[in-house]
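K.L.:
Structure for this input, please:
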Amino acid sequence: MINKILKIYCLTLPFNVFSYNLSGYPLTLPAFTSILLLVTLVIKNRPIKIKLFLSLFTFVSFAYISTGILRGSTDFIYSLGLLFSLALPLVFKFKKHDVIGFEKYLIAGLFLTIPFSLYDIGVTLFGFIPFERISGLFSNATNSPLSSYLGYYRIKATFTEPSYYGIYLISIFYVILELDIQRKGIVLLTIMILIFLTVSLSAFIMLA
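P.N.:
Sure, this is the predicted structure:
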């Protein structure tokens, strides 16, 4: 059961921008699958990596405090909560049979974001119109002044914010770093380039 849900979780992680409006709040597909995975992990009595959990909790607490000071109580804080739920499964200790074959789905999800990242680069280089202006599927993505930096349109792929994409990439980097896979160097280099193109301070801090 955990293995099947984990594979779906890995594959759907990057579909952050696609959501269903539930009582005025967007519920994303990866948020739904991560909550389902978390519930299953708790029911199956999988232990938690305390140090990793504390690191994640500290970072998210900092994000909440800084966001609260700058923006007050907004939907942005709600989206941070969903982001926290996406990362939580990483702090659990999985058994060997839980994770068989999961890396293929993780990498597939990652590479699904690349065409969208290339399009974002095209916004800067060729004047493409950002996806959120031309597609209702990307209506939850933001196009605030923070989306651009010195004329450069920061990539966010299938995420609502460049920083969210950066945090996703850091999480994938952390997992793949521990895996024995083919062309590992190329995959890690690709992730590093994408992290750099997000121009996300949050991602840079997490990488450090």
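K.L.:
who touches Asn45 in this structure?
P.N.:
By CB atoms under 8 Å, 6 or more residues apart in numbering, Asn45 lies in contact with nothing. Every residue, glycine included, has its C-beta placed from N, CA and C.
K.L.:
need the contact list for the residue nearest the centre of the chain.
P.N.:
Nearest to the geometric centre of the chain sits Tyr168, at 3.0 Å (CA atoms, centre = their mean). Shown in contact with Tyr168 (CB under 8 Å, 6+ apart): Leu13, Pro14, Asn16, Leu86, Phe159.
K.L.:
rerun that using 7 Å as the cut-off
P.N.:
With contact set as CB atoms under 7 Å, 6 or more residues apart in numbering, Tyr168 has these partners: Leu13, Pro14, Phe159.
K.L.:
Let me know the helix or strand that it is in.
P.N.:
Assigning secondary structure by DSSP states H and E places Tyr168 in helix 162-177.
K.L.:
Can you mark which positions in that helix are buried?
P.N.:
Using 16 or more other CB atoms under 10 Å as the test for burial, helix 162-177 gives 162-173, 176.
K.L.:
before we move on, what about stretch 141-157?
P.N.:
Buried-residue list, stretch 141-157, by 16+ other CB under 10 Å: Ala141, Thr142, Ser147, Ser148, Tyr153, Arg154, Ile155, Lys156, Ala157.
K.L.:
Same check on stretch 193-206?
P.N.:
Neighbour counts over stretch 193-206 (16+ other CB under 10 Å) mark Leu194, Ile195, Leu197, Thr198, Val199, Ser200, Ser202, Ala203, Met206 as buried.
K.L.:
Show me what it is in contact with.
P.N.:
Against stretch 193-206 from outside (CB under 7 Å, 6+ apart): 59, 117, 149, 154-155, 162-163, 165-167, 169-170, 207.
K.L.:
helices and strands of this structure: which one has the lowest mean pLDDT?
P.N.:
In the chain, the helix or strand scored least confidently by mean pLDDT, DSSP states H and E is helix 75-87, which has a mean of 69.
K.L.:
Now do the helix or strand just after that one: everything it contacts.
P.N.:
As assigned by DSSP H and E, the chain's next helix or strand after helix 75-87 is helix 102-112. The set of residues external to helix 102-112 that reach it, using CB under 7 Å, 6+ apart, is Leu6, Lys7, Cys10, Leu11, Thr12, Leu13, Pro14, Ile172, Val175, Leu179, Ile181, Val187.
K.L.:
Which one of those is nearest to Arg46?
P.N.:
Nearest to Arg46, judged by CB to CB, of the contacts of helix 102-112 is Leu6 at 11.0 Å.
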